[in-house]
Each structure stands twice: as structure tokens, then as C-alpha cells.
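Participant: please work out how this folds:
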Amino acid sequence: MSDELKIVLEDVKEKFDTVIEAFNMVNEKLDRHEQAEEERFQRLESEVLSIKANVSEIRRDLNEHRDSTEPHGGKVKKEAS
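Facilitator: Residues are numbered from 1 along each chain as shown. Presented below is the predicted three-dimensional model:
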């Protein structure tokens, strides 16, 4: 193998190593971003479920209040005189 070819191959190898290193760095960054987004999603999901539970509690309380304050016995019919 000629010296020129060895130099060219070494240069190509160095460039491939640089590309591989950059690829690995991007993958690591994406992994960190994915983990942060997953944590954010879990937090938001927890908050939504908490709000949903609170809304259900408020509806139940309002229904109980309505049931206890509505007149019982239905409509009163007036007789014609």
C-alpha cells in the first residue's frame, strides 16, 4: 500500500470517527430530552387526574346539595275553581 493511500485512509477514518462521535452526542442529547419530556408528561398526567378527581367531587357535592334543597313531591297542580 502506498504512503498516499495510507494517508487518505487515515484521514477518512478520522472523519468517520468524528461523525460517529457527533452521532453519539446527538443520541445522548435526544435521550436526555426524551427523559425530560416523559417526566413532564407524567407530571401533567398526574395533575389532570387530580383535577378530574376534584371535578367529580364537586359534581357529587353539588348533586347532593341540589337533592337536599329541591322541594320534594314534584309539581303541585292547582285545581280550577
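Participant: now do the helix or strand where A36 lies, average pLDDT.
Facilitator: Counting by DSSP states H and E, the element that carries A36 is helix 3-69. Summarised as a single mean, pLDDT over helix 3-69 is 95.
Participant: roughly how far is it from the heart of the chain?
Facilitator: Here helix 3-69 is found 8 Å from its chain centre; the criterion is Cα atoms, centre = their mean, to the nearest Å.
Participant: from E4, how far out is D11?
Facilitator: Computed as Cβ to Cβ, to the nearest Å, the D11 to E4 distance reads 11 Å. All C-beta atoms are positioned from the backbone trio N, CA, C, and that covers glycine.
Participant: same check, this time on A53
Facilitator: 74 Å.
Participant: what of D67?
Facilitator: Distance from D67 to E4, by Cβ to Cβ: 93 Å.
Participant: then D61?
Facilitator: Distance from D61 to E4, by Cβ to Cβ: 85 Å.
Participant: over to H65?
Facilitator: 91 Å.
Participant: how about S56?
Facilitator: Using Cβ to Cβ, S56 is found at 77 Å from E4.
Participant: and if you look at Q35?
Facilitator: 47 Å.
Participant: what's F23 in contact with, if anything?
Facilitator: Listed by Cβ atoms under 8 Å, 6 or more residues apart in numbering, the contact set of F23 is empty.
Participant: how much space separates the most centrally placed residue in the chain from V48?
Facilitator: For the chain, the residue nearest the mean C-alpha position is F41 (2.5 Å; Cα atoms, centre = their mean). To V48, F41 is 10 Å away according to Cβ to Cβ.
Participant: could you do K29 as well?
Facilitator: For K29, the distance to V48 - Cβ to Cβ - is 28 Å.
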